[in-house]
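Engineer: Sequence and predicted structure below; questions after.
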Amino acid sequence: MTREETPVSTAPERTTTAAPPDEARVRLVLRVLTASAFVVILNETLMLNALPPLMDAFGVDAGTGQWLTTGFMLTMAVVIPTTGWLLQRLSLRTAYLLAMGVFIAGTALAAAAPTFEVLLLARVVQASGTAVMMPLLMTTIMTLVPPERRGGVMGNLTLAISVAPAMGPPVSGLILELASWRWLFGLVLPIAVVMTVAGGRLLRGDEPGRPARLDVPSALLTALGFGGLVYGLSALGEGAAGPVGPAWSLGVGVGALAVFAWRQLWLARRDESLVFLDLRALRITRYVVPLALLCLGFMSLIGAMLLLPILLQQVRGFGTLASGLMLMPGGLAMGLLGPTVGRIYDRVGPRPLVIPGGAGLVAGMTGMALLADQVPWWGLVGLHVVVSLSLACLFTPCFTTGLSSLPGRLYSHGSAMVGTGQQVAAAAGTALVVTVMETRAFQLGASGLGEREALEGGIGTALLVATGIAVGVFVLSFFVRPAPKDADADAGGTQERPTQPAGERDQESAATGTAYPEPVA
């Protein structure tokens, strides 16, 4: 049965003696966390232009070098589902320091990596820290910010997650022009250290985590399920079987996820304290529809980000730095529009933004698909800006509406599902557009077209497929509805520990001096 509204808790009202954090401090905390997220996300895309120098430095081929990206995605897919449990078990400060500490360790190891194998291990360590940051940031926003102001704050988050990927290719291109590839990590390292120290100081006195036992079988099933799914899709898109065939990997992944879903529902009935990733969030359609829209929108974004550099470099003849700079306006436009979209969302809700955003996405993707071989480079840049602005109108409202539709106890689980869905969508989008592009290019080449013309035709066909995904986004936009006003009633707007009586919390607060976070008015 579909659950549309969240029942109001009958738990006694809590009167705490601890002083809530002031608004200025909360703003500073969110800014530091957003800046930290910017750093770790920037690190993902810094590697896009670095593969050729790394292949030369370590003497590996493209198939082996690609594991620096595939391994990162696999690790993200495996670690993100654990954050639902992790963010309940640990305090915000502890989770932040853990995430940034692991990221710093991976970055330092990567900067000094003597062999390719060590560099690959470093990327896995980096991804483990990165995987925790986005769910942590979204959960913190939902915990500290009241519903009427979440749109604006989520808009600032969009600024980080949109601008950082756009800055990655041109920044890495500039660094590689002037210095060794090791500086891709060496320059990030001191910034990450400063962010970690600042965040650790600001998050002192936050609410401690509640006891939560780890269900080991569930953890193993998520690793096997999401890892197998992402690996299979990535191998399918790369056109290589690797050590395990993509069909086998996809089959194992789907099977493991089916068993995982059954186990979570069984645990929810038998022993709720062992629930690893609470799938009951998927019963709330006001959350599920934005989640599906986010995943499809991310697939369209990945399609454009993957295909346009190939078109600009291998068909139009631009260099890596030039193509990165051409894609930067779209990413900057998406990020800079995010805060404005968030403020508009706070006033009018999601539908006046997501429906025009879906229409703009279809228009921009259609233009790229039909005119890719006709318009000059600045025309492609303009179409990419249209797509990016449309996605800005989609992402911020969907993030905010979807998570605001959940009760407080499901914030961390909902954030983890959003992050995992994005990783699976990235792998699926990559596999789809690359497979379509290569298949169509092969067909055109067999019919007598030259290599460049065949590749151009393959890119156009892949962009048409991405346009079809955009149509799905547009259709879903009509079903997005505002979050219910009482969604947080059972948690009082915070991520409380539902099993701990109010009196016990007050006693603990008085004994330890811990200030439990309250929503900022």
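Structural biologist: Sure, I can see it.
Engineer: Need the outlier residue of this protein, farthest from its centre.
Structural biologist: What lies farthest from the middle of the chain is G448; by CA atoms, centre = their mean that is 41.7 Å.
Engineer: ok so that residue is a helix residue?
Structural biologist: No: assigned with DSSP: H, G, I helix; E, B strand; the rest coil, G448 falls outside any helix and is coil.
Engineer: my read: M167 touches L327, true?
Structural biologist: No: contact criterion CB atoms under 8 Å: M167 and L327 do not qualify, at 10.2 Å. The way it works is simple: take the backbone N, C-alpha and C, and place the C-beta from them, glycine included.
Engineer: Those two - which one has more neighbours?
Structural biologist: Neighbour count, other CB atoms under 10 Å: between M167 and L327, L327 has more, with 24 against 20.
Engineer: so that one touches I310, yeah?
Structural biologist: No: checked against CB under 8 Å, the pair L327 and I310 is beyond contact range at 11.7 Å.
Engineer: so who does L157 touch?
Structural biologist: 34, 37, 137-138, 141, 338, 396, 399 (CB atoms under 8 Å, 6 or more residues apart in numbering).
Engineer: for the stretch 401-521 of the chain, what spans make up the helices?
Structural biologist: Shown for the stretch 401-521 of the chain, the helices assigned by DSSP state H, counting those that start in this stretch span residues 411-446, 451-477, 502-512.
Engineer: Of all these, which one is nearest F298?
Structural biologist: Of all the helices of the stretch 401-521 of the chain, the one in closest proximity to F298, counting by CB to CB, is helix 411-446 (4.4 Å).
Engineer: Quick one: list the elements packing against the closest one.
Structural biologist: Where contact means 3 or more CB pairs under 8 Å, 6 or more residues apart in numbering; DSSP states H and E, helix 411-446 is packed against helix 67-79, helix 83-89, helix 116-144, helix 216-238, helix 285-310, helix 377-404, helix 451-477.
Engineer: could you check the angle helix 451-477 makes with that helix?
Structural biologist: On the basis of axes from the mean of the first three to the mean of the last three CA atoms, to 10 degrees, helix 411-446 is oriented at 150 degrees to helix 451-477.
Engineer: buried ones in helix 411-446?
Structural biologist: Of the residues in helix 411-446, 411-438, 440-441, 444-445 count as buried by neighbour count, 16 or more other CB atoms under 10 Å.
Engineer: model confidence over stretch 170-186, on average?
Structural biologist: Averaged over stretch 170-186, pLDDT sits at 83.
Engineer: what are the C-alpha coordinates of that stretch, in PDB please?
Structural biologist: Written as PDB, here are the backbone C-alpha positions of stretch 170-186 (Å, rounded to 0.1, in the frame of the first residue of the first chain):
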ATOM      1  CA  PRO A 170      39.900  22.600 -17.000                       C
ATOM      2  CA  VAL A 171      41.700  22.700 -13.600                       C
ATOM      3  CA  SER A 172      43.300  19.300 -14.300                       C
ATOM      4  CA  GLY A 173      44.200  20.400 -17.800                       C
ATOM      5  CA  LEU A 174      45.900  23.500 -16.500                       C
ATOM      6  CA  ILE A 175      47.800  21.600 -13.800                       C
ATOM      7  CA  LEU A 176      49.000  19.000 -16.300                       C
ATOM      8  CA  GLU A 177      50.200  21.700 -18.600                       C
ATOM      9  CA  LEU A 178      52.400  23.200 -15.800                       C
ATOM     10  CA  ALA A 179      53.300  20.300 -13.500                       C
ATOM     11  CA  SER A 180      53.400  16.600 -12.800                       C
ATOM     12  CA  TRP A 181      50.200  14.600 -12.400                       C
ATOM     13  CA  ARG A 182      51.100  14.200  -8.700                       C
ATOM     14  CA  TRP A 183      50.100  17.900  -8.200                       C
ATOM     15  CA  LEU A 184      46.500  16.900  -8.900                       C
ATOM     16  CA  PHE A 185      46.600  15.400  -5.400                       C
ATOM     17  CA  GLY A 186      49.200  17.600  -3.900                       C
END
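Engineer: and for that stretch, what are the contacting residues?
Structural biologist: 42-43, 45-50, 53-54, 57, 107-108, 110-112, 122, 187, 320-321, 324-325, 328.
Engineer: Mind checking which of the residues you listed are buried?
Structural biologist: Among the contacts of stretch 170-186, the ones that count as buried by 16+ other CB under 10 Å are 42-43, 45-50, 54, 107-108, 110-111, 122, 320-321, 324-325, 328.
Engineer: List the residues that contact the residue nearest to the spatial centre of the chain.
Structural biologist: By CA atoms, centre = their mean, the chain has its centre lying nearest to G419, at 4.5 Å. Residues in contact with G419 (CB under 8 Å, 6+ apart) are 76, 80, 83, 131, 134-135.
Engineer: and which of those is nearest to L332?
Structural biologist: Using CB to CB, M134 comes nearest to L332 of these, at 20.1 Å.
Engineer: Can you report how many residues neighbour G338?
Structural biologist: Close neighbours of G338, defined as other CB under 10 Å, add up to 26.
Engineer: Would you mind confirming that it is in contact with C393?
Structural biologist: No: using CB under 8 Å, G338 is not in contact with C393, being 9.7 Å away.
Engineer: Residues contacting stretch 187-197, please?
Structural biologist: The contact list for stretch 187-197 (CB under 8 Å, 6+ apart) reads 32, 35-36, 39-40, 42-43, 46, 96-97, 100-101, 103-104, 107-108, 111, 175.
Engineer: Could you check it and say which residues are buried?
Structural biologist: Applying a neighbour-count criterion of 16+ other CB under 10 Å, one finds 188-189, 192, 195-196 buried in stretch 187-197.
Engineer: got these as CSV, with secondary structure and distance to G297 columns?
Structural biologist: Formatted as CSV, the buried residues of stretch 187-197 follow (DSSP: H, G, I helix; E, B strand; the rest coil; distance: CB to CB, whole Å):
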residue, secondary structure, distance to G297
V188, helix, 28
L189, helix, 33
A192, helix, 29
M195, helix, 28
T196, helix, 31
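Engineer: And those residues, which is closest to E148?
Structural biologist: Proximity of those to E148 (CB to CB) peaks at M195, which lies at 28.7 Å.
Engineer: Just want to check the distance between that closest one and G429.
Structural biologist: Relative to G429, M195 is positioned 30 Å away (criterion: CB to CB, to the nearest Å).
Engineer: Nearest spatial neighbour of L279, chain-adjacent residues omitted?
Structural biologist: Distance criterion CB to CB, 6 or more residues apart in numbering; nearest residue to L279, sequence neighbours excluded, is Q264 at 4.9 Å.
Engineer: about what we covered before: reformat the helices of the stretch 401-521 of the chain as a markdown table; add mean pLDDT.
Structural biologist: Listed next are the helices of the stretch 401-521 of the chain as a markdown table, based on pLDDT from 0 to 100:
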| stretch | mean pLDDT |
| --- | --- |
| helix 411-446 | 82 |
| helix 451-477 | 90 |
| helix 502-512 | 37 |
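Engineer: In CSV, list the ones you listed along with distance to W67.
Structural biologist: Converted to CSV, the helices of the stretch 401-521 of the chain look like this (distance: least, CB to CB, whole Å):
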stretch, distance to W67
helix 411-446, 14
helix 451-477, 23
helix 502-512, 46
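Engineer: Ok, which of the ones you listed comes nearest L277?
Structural biologist: It is, among the helices of the stretch 401-521 of the chain and with distance given as CB to CB, helix 411-446, at 5.7 Å.
Engineer: Return the mean pLDDT over stretch 313-327, rounded to an integer.
Structural biologist: What stretch 313-327 shows for mean pLDDT is 78.
Engineer: List the contacts of it.
Structural biologist: Counting by CB under 8 Å, 6+ apart, residues outside stretch 313-327 touching it are 48-49, 166, 168-170, 172-174, 177, 305, 308-309, 312, 377, 380-381, 384, 452, 455-456, 459.
Engineer: how far does it sit from the chain's center?
Structural biologist: In this view, stretch 313-327 has its centroid 26 Å away from the chain centroid, taken as CA atoms, centre = their mean, to the nearest Å.
Engineer: Packing partners of the helix or strand encompassing V29?
Structural biologist: In this structure, V29 sits in helix 23-46 according to DSSP states H and E. Applying 3+ CB pairs under 8 Å, 6+ apart, one finds that helix 23-46 contacts helix 92-111, helix 116-144, helix 150-178, helix 188-202.
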